[in-house]
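In: starting from these lines, generate the structure:
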Amino acid sequence: MKRLKIEPQLCFLLVCFVVLHIVYVQAVIPPQIGWWNYYAWRVNSGEILYKDIFCFLPPYYVYLYAFLYKIFGNLIIAYYIIGLIIRWIEVCVVYSITRSFASKNVSFVCTFIGLVLQVSYMMDIPFDYNQMIQFYVIMGSFFCVKALVQEEEKFANIYLAVSGAWLGIGLFSKQTCVVIIFFAALGIMIFYLQRNQITYAIKKMVAFILGVFLACLPGLIGLVVQGSFKDFMNCITSSMTVKGDFGGLWGRVLQYQFHFLEVVIAALIFLLLLVKQRNKKGDCLKIFQDSARIIIKEVYYFVMFLLIIYRSGQIIQTETGNITSYSFVLNIVLVYLLIRTILVCLQKVVNKVEQKNIAEYSNKLSPIIIGFVLLLSILIPYCMNYQWKSNIYNQMSLFNLKRGLINVIFWLMLMVLIYQIAQFIFKQKIYGGIKVFILNAFTMCLIGLGMISSVVEEYNIFPAAVLFFAMIYNAAFSHMKKNKEERKRCILYKAVIGLPITALIVICIFITVTEKQVVAYTWHRWDSIGLGRDDTNYVYSMVDGLEGYKIDLETEIAYETIVNLIEDYTDEDDIVYQFPNIPLFNVLTERKIGTYAPIHYFDVCPDEIAIADAEKLESNPPEMVIWCEFGDGLWDHHEAYFRDGNPSGQRAIRDFYQNNVQKNYKKLYEYKSLSVWLKNNINDVVG
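Out: Okay, the predicted model is just below:
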């Protein structure tokens with residue numbers, strides 16, 4: 001892989017990156033933040049992970065947080081900034097790999113839209129453990145690429161070991177990375193086996209596995225020295241039960257992820273990529289006459305158009321009438337013919353334009369123009385009237401439209417991966433090249449592991465989305481290489497050919513920014529208010545630990561009130577229990593939660609541990625309780641989703657709350673779904 005150069009596109013990408021995150025998440029400080037800050041604080045206080053504190057993950061992520069906590073303490077925004085730095089490294093690596101088969105401008109645009117789709121995740125928090133796993137996987141794929149294209153054996157071994165080390169860090173940060181390591185080792189073995197003898201291939205695989213082992217070794221030694229290895233194994237094995245049985249998991253995947261029309265759209269795009277790939281090799285489908293080929297192409301575009309309109313109509317839920325009615329089909333045909341006519345006319349006009357004058361300035365101006373358009377697609381919805389944004393979001397179900405795009409990306413890239421694997425096994429030229437193949441393979445493994453939550457989540461979609469749009473752009477421009485050579489430099493011609501793709505990308509950015517402004521973060525009856533609302537007063541937080549965040553005044557008052565109540569009515573040694581996933585206030589006030597599992601949310605805490613912690617709460621009631629009320633509907637939904645409809649161990653904790661806290665504690669404060677309860681008898685109620 002060539003050394004990454006400082007290109008203008010990369011500089012503009014950094015500007016867009018900064019603006020995007022300022023608009024998206026500077027105001028997001030939900031009470032669910034603080035999981036890992038709490039772990040870090042307790043580990044630095046001398047408690048032993050797994051023995052004194054339950055954790056559903058291997059230790060490296062907690063140890064990293066503990067190291068940073070010694071430097072930054074409970075200053076939450078510091079970890080946010082660190083997460084942004086790590087995310088920017090990811091952006092640079094993915095951009096550099098995309099540059100191996102796409103132009104600078106295409107890589108710029110596609111990298112940015114991939115970033116937009118990831119950051120628009122409704123629970124996106126930089127430096128979250130899911131982002132870190134993605135970082136380790138991307139870095140592992142980067143060094144694996146460098147090894148496979150390296151001709152010198154010595155450097156290839158080093159790169160393979162480094163690649164294995166990154167994945168080893170990932171393995172000791174999240175146990176499911178073992179699947180990625182297995183397939184990576186198998187792929188390395190096959191790659192070198194096709195080119196050399198079996199002993200040579202084994203040496204390469206050993207170099208990779210050695211890197212994995214060396215990265216895991218410090219963590220293993222630490223567990224043994226602390227005497228917590230057995231507890232570690234108990235925590236990891238018990239945490240495997242919290243998602244429900246294996247059969248139920250795959251049933252949920254089929255129920256929530258498989259949508260026929262999205263799969264069909266992905267399949268049609270995949271067929272287009274294949275046809276363009278064959279054209280590129282000069283092996284076109286010659287059995288068709290030119291006229292038949294034109295008809296087939298038009299039918300293909302029209303079917304795609306109908307499917308997209310039909311799917312959008314389903315999601316938006318507007319009254320478009322019966323799709324089989326004569327008037328509806330006629331209107332669709334007229335709109336389609338109008339769009340096709342405009343594109344054909346533009347193409348003919350551009351063909352007559354003198355190429356030399358345009359080519360002279362295109363390379364210099366295009367990054368500026370593209371960056372300007374992308375920034376406008378962020379800033380325009382940011383500056384729009386909030387009522388307009390709210391109406392657009394709520395009435396058009398934009399969230400579901402974006403989810404449809406995420407699903408199409410997943411299915412298409414899965415089809416591409418299967419195709420690439422077949423080419424790899426049969427020693428054919430790999431579509432997109434070896435670099436794209438490796439990044440796609442690593443990414444699809446990562447997304448597949450993330451589907452344990454039953455759907456494709458945006459937090460791992462970044463690399464796949466970049467490759468998705470880049471492949472579509474390449475397919476759109478592929479015929480230019482076998483026509484007049486000067487067309488490769490004609491920015492107007494490229495603009496005409498890529499107009500539908502570019503329009504889709506700009507619309508996606510507009511949709512996701514609008515979505516993030518209306519609902520910046522949401523989690524079960526808690527919605528964080530984003531920036532850009534003209535009906536809201538914003539202030540910079542004065543709460544110790546939240547400095548640097550600009551949030552709405554109502555949330556700031558609530559946070560100040562809760563923190564002050566904890567500090568006024570409890571001592572440093574008192575227990576302030578929270579349920580199920582709101583440790584922010586424990587972090588800001590440095591009050592212990594008092595149970596073996598700090599977080600009792602359904603998909604991270606096994607039933608037996610929740611029951612044991614409920615017994616501990618009953619025998620030793622905490623001084624204060626901060627409770628997030630779900631309601632029976634959401635409670636039943638969680639048990640249906642994570643326990644296959646069976647009662648969860650968390651019910652024992654809810655029994656403690658209903659039978660003890662609500663009867664023997666005094667409610668001091670209530671805000672949204674949060675309520676603060678004190679064991680002591682206090683007459684005054686705040687708020």
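
In: for the rest of this, base every contact and every neighbour count on C-alpha atoms.
Out: OK.

In: low-scoring stretches of the stretch 451-600 of the chain, by residue?
Out: For the stretch 451-600 of the chain, the stretches flagged by pLDDT under 70 are 453-454, 478-501, 524-525.

In: likewise for the chain?
Out: Under the criterion pLDDT under 70, the flagged ranges of the chain are 1-5, 24-28, 243-256, 276-366, 395-400, 453-454, 478-501, 524-525, 680-687.

In: strands of that one, start to end?
Out: 521-522, 527-528, 538-540, 550-552, 576-579, 624-628, 666-671, 674-678 (DSSP state E).

In: from the contact counts, what lies against the last one?
Out: When contacts are defined as 3 or more Cα pairs under 8 Å, 6 or more residues apart in numbering; DSSP states H and E, strand 674-678 packs onto strand 624-628, strand 666-671.

In: remind me what the shortest one packs against, helices and strands.
Out: It refers to strand 624-628. strand 576-579, strand 674-678.

In: tell me the strands beside the first one, with direction?
Out: Using DSSP bridges, strand 576-579 pairs in its sheet with strand 624-628 (parallel).

In: give me the contacts around the partner strand.
Out: Under the contact criterion Cα atoms under 8 Å, 6 or more residues apart in numbering, strand 624-628 has outside partners 566, 570, 575-580, 582, 661, 673-679.

In: same thing but 7 Å
Out: 575-580, 673-679 (Cα atoms under 7 Å, 6 or more residues apart in numbering).

In: burial check on Asp632, number of neighbours?
Out: 9 (other Cα atoms under 10 Å).

In: oh, that last question was meant for Ile180, not what I typed.
Out: Neighbour count for Ile180, taken as other Cα under 10 Å: 21.

In: my read: it touches Ile447, true?
Out: No - the pair Ile180 and Ile447 does not pass the contact test of Cα atoms under 7 Å, sitting 10.7 Å apart.

In: the residue minimising distance to the centre of the chain: what's it in contact with?
Out: Residue closest to the mean C-alpha point of the chain, counted by Cα atoms, centre = their mean, is Tyr459 at 0.9 Å. By Cα under 7 Å, 6+ apart, the contact set of Tyr459 is Gln118, Tyr121, Asp124, Gln131.

In: now do 10 Å
Out: Going by Cα atoms under 10 Å, 6 or more residues apart in numbering, Tyr459 touches 115, 117-125, 128, 130-131, 134, 447, 450.

In: with Cys445 instead?
Out: For Cys445, the contacting residues are Val137, Cys177, Val179, Ile180, Ile181, Phe183, Ala184, Leu414, Met451, by Cα under 10 Å, 6+ apart.

In: most neighbours, which of those?
Out: Val137 (28 neighbours).

In: re earlier: among the helices and strands packed on strand 674-678, which is the most enclosed?
Out: strand 624-628 (a mean of 23; mean count of other Cα atoms under 10 Å).

In: quick check: angle from that strand to strand 666-671?
Out: 40 degrees (axes from the mean of the first three to the mean of the last three Cα atoms, to 10 degrees).

In: next, the angle from strand 624-628 to strand 674-678.
Out: The directions of strand 624-628 and strand 674-678 differ by 160 degrees, with the same axes, to 10 degrees as the criterion.

In: mind saving the C-alpha coords of strand 624-628 as PDB?
Out: Only the C-alpha atoms of strand 624-628 are listed here, as PDB (Å, rounded to 0.1, in the frame of the first residue of the first chain):
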ATOM      1  CA  MET A 624     -30.000   6.500  47.500                       C
ATOM      2  CA  VAL A 625     -31.600   4.900  44.400                       C
ATOM      3  CA  ILE A 626     -31.700   6.500  40.900                       C
ATOM      4  CA  TRP A 627     -34.200   4.600  38.900                       C
ATOM      5  CA  CYS A 628     -35.100   4.700  35.200                       C
END
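
In: picking that back up, tabulate the strands of the chain in JSON lines, adding columns for distance to Glu262.
Out: Below are the strands of the chain laid out as JSON lines (distance: least, Cα to Cα, whole Å):
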{"stretch": "strand 521-522", "distance to Glu262": "25"}
{"stretch": "strand 527-528", "distance to Glu262": "29"}
{"stretch": "strand 538-540", "distance to Glu262": "40"}
{"stretch": "strand 550-552", "distance to Glu262": "37"}
{"stretch": "strand 576-579", "distance to Glu262": "38"}
{"stretch": "strand 624-628", "distance to Glu262": "36"}
{"stretch": "strand 666-671", "distance to Glu262": "40"}
{"stretch": "strand 674-678", "distance to Glu262": "39"}
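
In: between those strands, which gets nearest to Phe108?
Out: In terms of Cα to Cα, the element of the strands of the chain nearest to Phe108 is strand 521-522, at 27.1 Å.

In: isn't Phe17 up against Phe112?
Out: Yes - between Phe17 and Phe112 a contact is recorded at 7.7 Å, counting by Cα atoms under 10 Å.

In: same drill for the two, tell me which one is more crowded.
Out: Neighbour count, other Cα under 10 Å: between Phe17 and Phe112, Phe112 has more, with 26 against 19.

In: separation between that one and Val19?
Out: 12 Å (Cα to Cα, to the nearest Å).

In: common neighbours of the two, please.
Out: With Cα under 10 Å, 6+ apart as the test, Phe112 and Val19 both reach Leu13.

In: contacting residues around Ala215?
Out: Ala161, Val162, Gly164, Ala165, Trp166, Leu167, Gly168, Ile169, Gly170, Leu171, Phe172, Ile209.

In: could you list every residue that touches the residue nearest to the second one when sequence neighbours are not counted?
Out: The spatial neighbour of Val162 that comes closest, neighbours along the chain excluded (Cα to Cα, 6 or more residues apart in numbering), is Gly211 at 6.0 Å. Contacts for Gly211 (Cα under 10 Å, 6+ apart) come out as 157-169, 205, 217.

In: now the helices for the stretch 151-300 of the chain?
Out: Here the stretch 151-300 of the chain has its helices, by DSSP state H, counting those that start in this stretch, at 153-171, 177-193, 198-226, 229-239, 246-257, 260-280, 290-316.

In: of all the strands of the chain, which one is nearest Tyr601?
Out: strand 576-579 (7.8 Å).

In: thinking again about what came up before, looking at the strands of the chain, which is nearest to Phe54?
Out: Closest of those to Phe54 is strand 576-579, at 15.2 Å (criterion: Cα to Cα).

In: hmm, who's touching the closest one?
Out: The contact list for strand 576-579, computed with Cα under 10 Å, 6+ apart, reads 566, 570, 583-586, 589-595, 598-601, 617, 621-629, 650, 653-654, 657, 674-678.

In: and stretch 180-193, by the same measure?
Out: Under Cα under 10 Å, 6+ apart, the answer for stretch 180-193 is 137, 140-141, 144, 147-148, 160, 163-164, 167-168, 170-171, 178, 196, 198-209, 212, 421, 424-425, 427, 438, 441-446, 449.

In: in it, which residues are buried?
Out: If you call a residue buried by 16 or more other Cα atoms under 10 Å, then stretch 180-193 has these buried ones: Ile180, Ile181, Ala184, Ala185, Gly187, Ile188, Met189, Ile190, Phe191, Tyr192, Leu193.
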